[in-house]
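Enquirer: please work out how this folds:
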Amino acid sequence: MKIRKAVVTAAGWGTRFLPATKAQPKEMLPLVDKPMIQYVVEEAVASGIKQIIIVTALGKRAIEDHFDRSFELEYALKQKGSSELLEKVQQTMELANISYIRQKEQLGLGHAVLTAKELIGDEPFALFLPDDIIESKIPAMKQMLGVYDRYGSSVIAVQTIAPEESKAYGVIAPRQVEKRIYQVLSLVEKPEPEDAPSNLGIVGRYILTPEIFDMLEKTTPGKGGEIQLTDGLRLLLKKQKIYAYQFQGTRHDTGTPLGFLKASVEFALKRPDLGPRFKEYLQQLNLSN
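Expert: Numbers count the residues shown, from 1 in each chain. Have a look, this model is predicted:
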């Protein structure tokens with residue numbers, strides 16, 4: 001079945017970015033001049049998915065406003081003759097058909113996915129975590145859709161990680177079936193380096209069959225009453241095959257202040273209108289220090 005829908009989870013508190021996220025969603029923090037969540041929506045659209053469900057929470061209204069019309073702003077820009085800025089503003093509302101549903105309690109990623117069950121229905125879907133921004137010639141999700149088309153099973157994105165990083169990732173036990181494609185034999189959530197089954201860590205892109213919802217409903221809540229997606233995938237693995245795909249591209253982990261700053265610098269340097277001057281500034285800054 002063709003993947004028509006995508007879920008984007010945006011219900012977290014963003015506590016690592018406090019106090020900046022006290023009154024605005026973390027997902028709306030800008031990388032240069034575009035909020036993080038817009039990058040993943042654009043990736044979904046570039047992959048051929050235009051029906052997007054964003055899971056939000058209390059205090060996330062700015063996300064809805066961002067992808068909606070802004071009549072006053074559009075009128076003001078039109079009156080000023082700012083056609084280029086007007087086009088950028090209008091493009092955000094025309095990107096995709098976006099629906100919203102609220103996660104009423106912070107009960108984990110698995111619970112956030114489960115809230116979208118009624119909107120997804122009985123069909124496979126893509127899942128995006130907006131903390132992970134992936135730069136690639138071919139959108140990462142589009143690459144994964146090719147794997148799904150071949151195998152007809154759930155697909156999770158993985159990347160090579162250093163041994164000491166295993167405590168920050170879900171890690172798979174793989175059996176390679178093609179170049180960059182692995183059958184998942186098991187999954188371990190945040191293992192110690194000596195316990196990690198491989199050096200392939202899971203990142204925030206998934207294609208999931210609808211059976212994941214049944215598995216998440218059966219998943220026993222863990223610490224803090226949270227339902228973890230990895231636990232649901234572990235149950236799904238008993239029923240169906242799951243594949244992992246080592247995508248081609250550069251992943252930016254914007255879920256931490258340091259990762260966000262690194263991504264901001266790299267994105268700015270690649271901008272033709274900003275890069276040369278910004279690079280010159282950084283060089284001067286380095287010389288002065």
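
Enquirer: how about the helices in the stretch 51-200 of the chain?
Expert: For the stretch 51-200 of the chain, the helices defined by DSSP state H, counting those that start in this stretch occupy 61-66, 71-80, 83-94, 109-114, 117-120, 140-151.

Enquirer: how many neighbours does the nearest residue to residue 85 once chain neighbours are set aside have?
Expert: Excluding the flanking residues, the one nearest residue 85 by CB to CB, 6 or more residues apart in numbering is residue 77, at 5.3 Å. Placement of C-beta: from N, CA and C, glycine included. Residue 77 has 19 neighbouring residues, counting by other CB atoms under 10 Å.

Enquirer: do the one 3 residues further on as well
Expert: Using other CB under 10 Å, residue 80 is surrounded by 10 other residues.

Enquirer: quick revisit: Serialize the helices of the stretch 51-200 of the chain to TSV and add fields for distance to residue 174 and mean pLDDT.
Expert: Below are the helices of the stretch 51-200 of the chain laid out as TSV (distance: least, CB to CB, whole Å; pLDDT from 0 to 100):
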stretch	distance to residue 174	mean pLDDT
helix 61-66	35	92
helix 71-80	49	89
helix 83-94	38	88
helix 109-114	22	94
helix 117-120	27	94
helix 140-151	14	96
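
Enquirer: ok, the residue most central in space within the chain to residue 185 distance?
Expert: Note on the chain: the residue nearest the mean C-alpha position is residue 129, at 2.4 Å, using CA atoms, centre = their mean. According to CB to CB, to the nearest Å, residue 129 and residue 185 sit 23 Å apart.

Enquirer: with residue 167 instead?
Expert: Distance, residue 167 to residue 185, by CB to CB: 21 Å.

Enquirer: residues in contact with the residue nearest to residue 90 when sequence neighbours are not counted?
Expert: The shortest distance from residue 90 to any non-neighbouring residue, by CB to CB, 6+ apart, is to residue 74 (6.7 Å). Residues near residue 74 by CB atoms under 8 Å, 6 or more residues apart in numbering: 86, 89, 90.

Enquirer: again, 10 Å this time
Expert: By CB atoms under 10 Å, 6 or more residues apart in numbering, residue 74 lies in contact with 85, 86, 89, 90, 93.

Enquirer: okay if I get those residues as JSON lines plus neighbour count?
Expert: Output for the contacts of residue 74, formatted as JSON lines (neighbours: other CB atoms under 10 Å):
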{"residue": "85", "neighbour count": "15"}
{"residue": "86", "neighbour count": "17"}
{"residue": "89", "neighbour count": "15"}
{"residue": "90", "neighbour count": "14"}
{"residue": "93", "neighbour count": "14"}
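
Enquirer: what pLDDT is listed against residue 289?
Expert: Listed pLDDT for residue 289 reads 62.

Enquirer: now the residue nearest to residue 274 when sequence neighbours are not counted: how far from residue 134?
Expert: Closest residue in space to residue 274, ignoring its immediate chain neighbours: residue 268 at 5.3 Å, by CB to CB, 6+ apart. Distance, residue 268 to residue 134, using CB to CB: 18 Å.

Enquirer: so for these two, which residue has more residues nearby?
Expert: Set side by side, residue 268 and residue 134 show more neighbours around residue 134, with 23 against 19, by other CB under 10 Å.

Enquirer: tell me what the more buried one is bridged to.
Expert: Note on residue 134: beta-bridge partners residue 251, judged by DSSP bridges.

Enquirer: and it, what does it touch?
Expert: By CB under 10 Å, 6+ apart, the contact set of residue 134 is 39-40, 43, 128, 140-141, 143, 157, 159, 203-205, 247-252.

Enquirer: again, but for residue 198
Expert: Applying CB under 10 Å, 6+ apart, we find residue 198 in contact with 158, 160-161, 166, 171-174, 182, 185-186, 188, 244.

Enquirer: shouldn't residue 111 be in contact with residue 12?
Expert: No: if you go by CB atoms under 10 Å, residue 111 and residue 12 don't touch, sitting 11.6 Å apart.

Enquirer: residue 39 belongs to a helix?
Expert: Yes: counting by DSSP: H, G, I helix; E, B strand; the rest coil, residue 39 is found in a helix.

Enquirer: residue ranges with poor pLDDT in the protein?
Expert: When residues are selected by pLDDT under 70, those of the chain lie in 287-289.
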